[in-house]
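A.B. asks: Below is the sequence, then the predicted model.
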Amino acid sequence: AQSVTQLDSHVSVSEGTPVLLRCNYSSSYSPSLFWYVQHPNKGLQLLLKYLSGSTLVKGINGFEAEFKKSETSFHLTKPSAHMSDAAEYFCVVSEDNQGGKLIFGQGTELSVKP
Amino acid sequence: KAGVTQTPRYLIKTRGQQVTLSCSPISGHRSVSWYQQTPGQGLQFLFEYFSETQRNKGNFPGRFSGRQFSNSRSEMNVSTLELGDSALYLCASSLEPDSGNTIYFGEGSWLTVV
């Protein structure tokens, strides 16, 4: 069975410094991997997704993630944090033929200090 | 183009009652899935519908049920409500249940059981 582990429940950075949110996954098959963001009292917004092909995936708002099969990791990064990046981030896995069944990590709350 | 619309946004119910939540997917989307979000359990998959058929089901008791109509709109029902059912219920839609399709989430229905 597939699972997702987000290694940090809370990350705090200063504005303008890099962001690193860590995610490891477990999957029996070829996974599709996603990062979603949730701002307070809002739904989930897709930041980026990895389906196949290039292992470095670029998303919205300057975020990117690298799929490393050997390390079963899919860490999310951003070179320079902005105050508006403060939110909850979810690493998500979906397996082939499982369509809308997404398995979510527990989430990482990102705080950005001025 | 309107996003995923969920109604009602907020509701309070009493233990033992039942509740029905509604979801209108993005126009043209035929796959609808439901998730429960709680502070303790995080985001958990409830079920997925495509072409009026339940395609996938999560690990929830039979009190949780859903359906999809011919216009792709979906409802979920929870009977004999328990305090632990208090949660944010999120609906998501995609074109079809293929892992490659982006899944879009609504802002959710906040259910409080007292």
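C.D. replies: That came through, no problem.
A.B. asks: Please list the residues of chain A that sit near chain B.
C.D. replies: Within chain A, the positions near chain B by Cβ under 8 Å from any Cβ of the partner chain are A:32, A:36, A:41-46, A:49, A:51, A:90, A:94-107. Where C-beta positions appear, they are placed from N, C-alpha and C, glycine not excepted.
A.B. asks: Which members of those are classed as buried?
C.D. replies: Buried by 16 or more other Cβ atoms under 10 Å in any protein chain shown: A:32, A:36, A:43-44, A:46, A:49, A:51, A:90, A:94-95, A:98-105, A:107, out of those.
A.B. asks: Now, those residues that are in strands?
C.D. replies: A:Ser32, A:Tyr36, A:Leu44, A:Leu46, A:Lys49, A:Phe90, A:Ser94, A:Glu95, A:Ile103, A:Phe104 (DSSP state E).
A.B. asks: okay if I get those residues as TSV plus pLDDT?
C.D. replies: Shown next, in TSV, are these (pLDDT from 0 to 100):
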residue	pLDDT
A:Ser32	88
A:Tyr36	97
A:Leu44	93
A:Leu46	93
A:Lys49	92
A:Phe90	97
A:Ser94	85
A:Glu95	69
A:Ile103	91
A:Phe104	94
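A.B. asks: For those residues, which two are the farthest from each other?
C.D. replies: A:Leu44 and A:Glu95 (19.1 Å; Cβ to Cβ).
A.B. asks: quick one: average confidence on stretch B:8-26?
C.D. replies: When pLDDT is averaged along stretch B:8-26, the result is 98.
A.B. asks: Okay, buried residues for that stretch please.
C.D. replies: B:Lys13, B:Val19, B:Leu21, B:Cys23, B:Ser24, B:Pro25, B:Ile26.
A.B. asks: Please identify which helix or strand holds A:Ser111.
C.D. replies: strand A:108-113 (DSSP states H and E).
A.B. asks: pLDDT weak spots in chain A?
C.D. replies: By pLDDT under 70, the low-scoring segments of chain A are A:95-99.
A.B. asks: again, 80 this time
C.D. replies: A:1, A:28-30, A:41, A:95-100 (pLDDT under 80).
A.B. asks: At the geometric centre of it, which residue sits there?
C.D. replies: For chain A, the residue sitting closest to the mean C-alpha position, by Cα atoms, centre = their mean, is A:Trp35 at 3.3 Å.
A.B. asks: Contacts only, for that residue.
C.D. replies: A:21, A:23, A:46-49, A:59, A:63, A:65, A:74, A:76, A:89-92 (Cβ atoms under 8 Å, 6 or more residues apart in numbering or on different chains).
A.B. asks: list the helices and strands the worst-scoring helix or strand of chain B on mean pLDDT packs on?
C.D. replies: Every helix and strand of chain B was ranked by mean pLDDT, DSSP states H and E. The lowest is strand B:53-57, at a mean of 91. Other elements packing on strand B:53-57 under the criterion 3 or more Cβ pairs under 8 Å, 6 or more residues apart in numbering or on different chains; DSSP states H and E are strand B:42-50, strand B:64-68.
A.B. asks: let's go with 10 Å and repeat that
C.D. replies: strand B:31-38, strand B:42-50, strand B:64-68 (3 or more Cβ pairs under 10 Å, 6 or more residues apart in numbering or on different chains; DSSP states H and E).
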